[in-house]
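*Asks:* Compute the structure for the input listed below.
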Amino acid sequence: MDSNEETVQKHVVVNSPYQRSEVLTERTERGPREPRSSTGTIAIVAVIAIAAIAIVLYIVSNRNANESANRNANLEATSQAPPPTTIVQQPAQQAPVIIQQPAQQAPVIIQQPAEPSERLNTSANDDANMQDIATRRLAEDSNMAGVVMTITDARVVLTGTVNSAATKAKAEQIVKAVRGVKSVDNQISVSG
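*Replies:* Model (predicted):
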């Protein structure tokens, strides 16, 4: 017998006043049978349905929480953002015109040292050191550009041209202040 077959038996008793008869009918029906579910199957389906609903609710609540957190972060970021920077461009300025005068450096003249018999207690190295120091000090003042200096045996001779008597006197003071200089012969001429 197939699982889709079903046998139905009917027993009919007919009582009549003169006679009694029994009829027995048996009939086999084929067709889809209604499935019969056990309680275990129903319980498994119920647990699966509850788990699916729980998962859906969990996903929906997490999505809502993430959207809320993102919204709050965006609001916080916009409230803390500095105002936009305004850049004002100035019109281009014309480049400055620089007029450069040619540098006039005082010439350095070093004379040959005198004969050993003519020299006092100073040497040529001392004269060269004094010449170097005095030249640097004079070069610091632009008014001293025309001053020429020679040193022999710690004696200085100043020549050249300057613009004022004050500049002439200042040149002499600068050279006298150099250690080792014994005397200064100021022959600087003052122009105009």
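*Asks:* Could you point out the longest helix of the protein?
*Replies:* helix 39-80 (DSSP state H).
*Asks:* Tell me the helix or strand right after that helix.
*Replies:* Using DSSP states H and E, the next helix or strand after helix 39-80 towards the C-terminus is helix 124-139.
*Asks:* Now that next one: average pLDDT?
*Replies:* Mean pLDDT, computed over helix 124-139, is 88.
*Asks:* Now do the helix or strand that comes right after that helix against helix 124-139: the angle between them, please.
*Replies:* Beyond helix 124-139 on the C-terminal side, the first helix or strand identified by DSSP H and E is strand 147-152. Here strand 147-152 points in a direction 160 degrees away from that of helix 124-139 (axes from the mean of the first three to the mean of the last three CA atoms, to 10 degrees).
*Asks:* what packs against strand 147-152?
*Replies:* helix 124-139, strand 155-162 (3 or more CB pairs under 8 Å, 6 or more residues apart in numbering; DSSP states H and E). Any C-beta I mention is one placed from the backbone N, CA and C, and that applies to glycine too.
*Asks:* now for the first one, which elements pack on it?
*Replies:* It stands for helix 124-139. strand 147-152, helix 165-176.
*Asks:* Under the pLDDT cut-off, which ranges of this structure? List them.
*Replies:* 1-5, 23, 29-36, 81-86, 88-93, 95, 97-123, 192 (pLDDT under 70).
*Asks:* rerun at 80
*Replies:* 1-37, 77-124, 192 (pLDDT under 80).
*Asks:* if we can go back for a sec, between the helices and strands packed on helix 124-139, which one is closest to S37.
*Replies:* Among the helices and strands packed on helix 124-139, the nearest to S37 by CB to CB is helix 165-176 (121.7 Å).
*Asks:* The helix or strand following that closest one packs against which elements?
*Replies:* Sequence-wise, the next helix or strand downstream of helix 165-176 (DSSP H and E) is strand 183-186. With contacts taken as 3+ CB pairs under 8 Å, 6+ apart, strand 183-186 sits against strand 155-162, helix 165-176.
*Asks:* quick one: buried residues of the first one?
*Replies:* Across strand 155-162, burial judged by 16 or more other CB atoms under 10 Å covers 156-158, 160, 162.
*Asks:* do stretch 182-191 as well
*Replies:* For stretch 182-191, a neighbour-count test (16+ other CB under 10 Å) marks 184, 186, 188 as buried.
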